[in-house]
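Engineer: mind looking at a prediction? Sequence and model below.
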Amino acid sequence: MEERGLKVETQTVESPYIINQNNSNLYLRIGNGNGPKILLNAHLDTVSSKEGWYHGAYSGEEEDGRIYGLGAADMKGGCASALAAILALMERKDTINGELFLSFVFGEEAPFSLGTDTLLREYDFRDYDLIIVTEPSPLLAINDFCYTHKKIHKSKFPVPIIGAEGRILYDIEFFGKSAHASHPSQGINALHDASILISQLAQFDIMSGIKMGRGHYCVLSIEGGDKAFTVPSYCKILLNRQLTVEESIKTVSRELKLLIKNLRLKSKVKITPRFAPNSEMEYKPYLFEKSEYIEKFMERLPYSKGKKRCAFTTSSVGDFNLLATRTGVPTLIFGPGGGNIHAPNENSNVNEVIESANYILDFFMEIF
């Protein structure tokens, strides 16, 4: 951006809750501020590398129209689309009638979206017209709810996402009773009771969607047991529960307590929600059913004659939750797809990176 004559600034990611990050956000702001105001957001960080790559995790190898590498889909491809659109815009217009704020943030893959939290504490975007997050929307919409057609169906690039579920984490502890393992009936096995709940959650009605049913449960970890010849008296599981716009932490906690009560477990069970350090850092659900600028953007997308354009919601969570719920500004997730997100051999679809940039550029040229 500096090579193209654009003035950029960096901002150290600072959180009152987590220290020694030593990472930065990167910002660019252009325009005269007289017309529409758009925030374009993408995150720079990745998850850690796992074993199993046949392309080098840091190679950036291209094969059959895909670029392979750690974070290629989540979300270096989206970063490339955002940057390409802005550079192409500035080649066509010296000044724009409006304001365009680009934020490349750090820390979405870390706890609490630290970079976006820092951004929102520093800048006020509540008077903006639209936020675009260039996450890999074709991947975030897989097996998710199409709000246009009120059902779950296959997504195909280009994929606009207009809403997202939230999440809450629970620590669930099981307190049983120790006994000699040769006489298990004299004890209460906390692991057995935990497994009963886990099995029940796996079979639970999980018709998830931001305007339908409830969010799903997913057990993330389990700890406990006794390596001695002893009935284990303690177990703890970490449970993720998605939240739809119809739900709250209060209603979900009530549901979970009732579910456990009906199982009539012998162990005593303690349910403890894991909250973010600050309520503003919680991943809360949102949905923008009507938005002038989302509709303007979607007008540029192709669709089959006689059919309505799809607008999806996602069960994923990320920076977009904080941006949407803390600003109240219509938030659109739109970017290129790929494969193997958060897994070895992650890749981004090159054509979709280019086409995403073209759609975003076309939108900017229209409104600015």
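Structural biologist: Perfect, thanks for sending it. Numbers count the residues shown, from 1 in each chain.
Engineer: mind giving me the packing neighbours of whichever helix in the chain runs longest?
Structural biologist: Longest helix of the chain, by residue count under DSSP state H: helix 350-367. For helix 350-367, the contact count by 3 or more CB pairs under 8 Å, 6 or more residues apart in numbering; DSSP states H and E identifies strand 37-43, helix 77-92, helix 292-298 as packing neighbours. The C-beta positions use only the backbone N, C-alpha and C, and glycine is treated the same way.
Engineer: show me which residues of that helix are buried.
Structural biologist: Across helix 350-367, burial judged by 16 or more other CB atoms under 10 Å covers 350, 352, 353, 356, 357, 358, 359, 360, 361, 363, 364, 367.
Engineer: about what we covered before: tell me the most buried of the helices and strands packed on helix 350-367?
Structural biologist: strand 37-43 (a mean of 25; mean count of other CB atoms under 10 Å).
Engineer: still on that earlier bit, for residue 259, find the nearest of the helices and strands packed on helix 350-367.
Structural biologist: strand 37-43 (34.9 Å; CB to CB).
Engineer: and the closest one, what other elements does it pack with?
Structural biologist: Looks like strand 37-43 contacts helix 77-92, strand 99-105, helix 114-122, strand 130-133, helix 319-327, helix 350-367 (3+ CB pairs under 8 Å, 6+ apart).
Engineer: keeping just the C-alphas, turn it into PDB.
Structural biologist: What follows is strand 37-43 as a C-alpha-only set of coordinates in PDB (Å, rounded to 0.1, in the frame of the first residue of the first chain):
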ATOM      1  CA  LYS A  37     -19.100   5.000   4.800                       C
ATOM      2  CA  ILE A  38     -17.800   1.400   4.400                       C
ATOM      3  CA  LEU A  39     -15.600  -0.700   6.800                       C
ATOM      4  CA  LEU A  40     -13.700  -3.500   5.100                       C
ATOM      5  CA  ASN A  41     -12.300  -6.000   7.600                       C
ATOM      6  CA  ALA A  42     -10.000  -9.100   7.500                       C
ATOM      7  CA  HIS A  43      -7.800 -10.800  10.000                       C
END
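Engineer: just want the angle from it to helix 77-92.
Structural biologist: Calculated by axes from the mean of the first three to the mean of the last three CA atoms, to 10 degrees, strand 37-43 forms an angle of 140 degrees with helix 77-92.
Engineer: quick one: contacts of the longest helix of the chain?
Structural biologist: 35-36, 38, 40, 62, 65-67, 77-78, 80-82, 84-86, 88-89, 92-93, 96, 98, 100, 132, 134, 138, 157-158, 293, 296-297, 300-301, 334-338 (CB atoms under 8 Å, 6 or more residues apart in numbering).
Engineer: 6 Å instead, please
Structural biologist: 36, 65, 77, 80-81, 84-85, 88-89, 157, 297, 300, 335-337 (CB atoms under 6 Å, 6 or more residues apart in numbering).
Engineer: show me how far it is from its chain's centre.
Structural biologist: Distance, stretch centre to chain centre, for helix 350-367: 22 Å (CA atoms, centre = their mean, to the nearest Å).
Engineer: parallel or antiparallel, list what pairs with the helix or strand of the chain with the lowest mean pLDDT.
Structural biologist: Least confident helix or strand of the chain, by mean pLDDT, DSSP states H and E, is strand 151-152 with a mean of 84. Strand pairing for strand 151-152, using DSSP bridges, gives strand 145-146 (antiparallel).
Engineer: check the offset of the strand it pairs with from the chain's centre.
Structural biologist: 16 Å.
Engineer: what mean pLDDT does it have?
Structural biologist: Average pLDDT, strand 145-146: 88.
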